[in-house]
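Peer 1: generate a structure from the sequence data that follows.
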Amino acid sequence: MTPELTALTLAALLQCAQMTLYSVLGNAQVGTKAALSSRDRRIELTGTAGRVQRAMNNHFEGLILFGIAATVIAVSDQSTRFTAVCAWTYLAARLLYVPAYAYGLVPWRSVVWGVGWIATFLMLIAALL
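Peer 2: Numbering: from 1, shown residues only. Predicted coordinates for the structure are as follows:
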């Protein structure tokens, strides 16, 4: 497996961990009855639970672009040291993003997000060169 696909797999596992954390914190905040309801009414999480939910949703968005980048690099056999570093940088940024968002670390949350986004962008550009 290429380093990019390894990083992608680990990023997907990170997303699973984020979903679990969101579920635990969300259930703790609104209770099992609300969590198991039909959800005809929107449940708005606040505080840490809300920030963890938003971090999870943000990773879904980032994971789409990173998944494309890692797949294109791997399928086209263009894995290089540069693209591997970009992939690991993305993963490291996403690992740091969760606590940065959960604890409301401003402006570091945005800085960390930007590092991950730039790493993905550079992988996409590298795939075209």
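Peer 1: which other helices and strands contact the lengthiest helix in the chain?
Peer 2: In the chain, with assignment by DSSP state H, the single longest helix is helix 3-35. Counting by 3 or more Cβ pairs under 8 Å, 6 or more residues apart in numbering; DSSP states H and E, the packing neighbours recorded for helix 3-35 are helix 47-75, helix 81-102. No exception for glycine: its C-beta is placed from N, CA and C like everyone else's.
Peer 1: how far off centre is stretch 95-110?
Peer 2: 12 Å (Cα atoms, centre = their mean, to the nearest Å).
Peer 1: so residue 120 touches residue 63, yeah?
Peer 2: No: using Cβ atoms under 8 Å, residue 120 is not in contact with residue 63, being 9.6 Å away.
Peer 1: neighbour count winner among these two?
Peer 2: A direct count of neighbours by other Cβ atoms under 10 Å for residue 120 and residue 63 places residue 120 higher, at 24 against 19.
Peer 1: mind listing what's buried along the longest helix of the chain?
Peer 2: 3-8, 11, 14-15, 18, 21-22, 25-26, 29-30 (16 or more other Cβ atoms under 10 Å).
Peer 1: next: stretch 86-95.
Peer 2: So, applying 16+ other Cβ under 10 Å, buried residues of stretch 86-95: 86-91, 93-95.
Peer 1: reformat those residues as TSV; add distance to residue 127.
Peer 2: Supplementary listing: these in TSV, determined by distance: Cβ to Cβ, whole Å:
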residue	distance to residue 127
86	11
87	12
88	17
89	16
90	14
91	18
93	19
94	20
95	24
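Peer 1: which of these sits closest to residue 116?
Peer 2: Using Cβ to Cβ, residue 93 is the member of the buried residues of stretch 86-95 that sits closest to residue 116, with 3.3 Å.
Peer 1: in which helix or strand would I find the nearest residue in space to that closest one that is not next to it in sequence?
Peer 2: The spatially closest residue to residue 93, leaving aside those adjacent along the chain, is residue 116, at 3.3 Å (Cβ to Cβ, 6 or more residues apart in numbering). When elements are assigned from DSSP states H and E, residue 116 belongs to helix 108-128.
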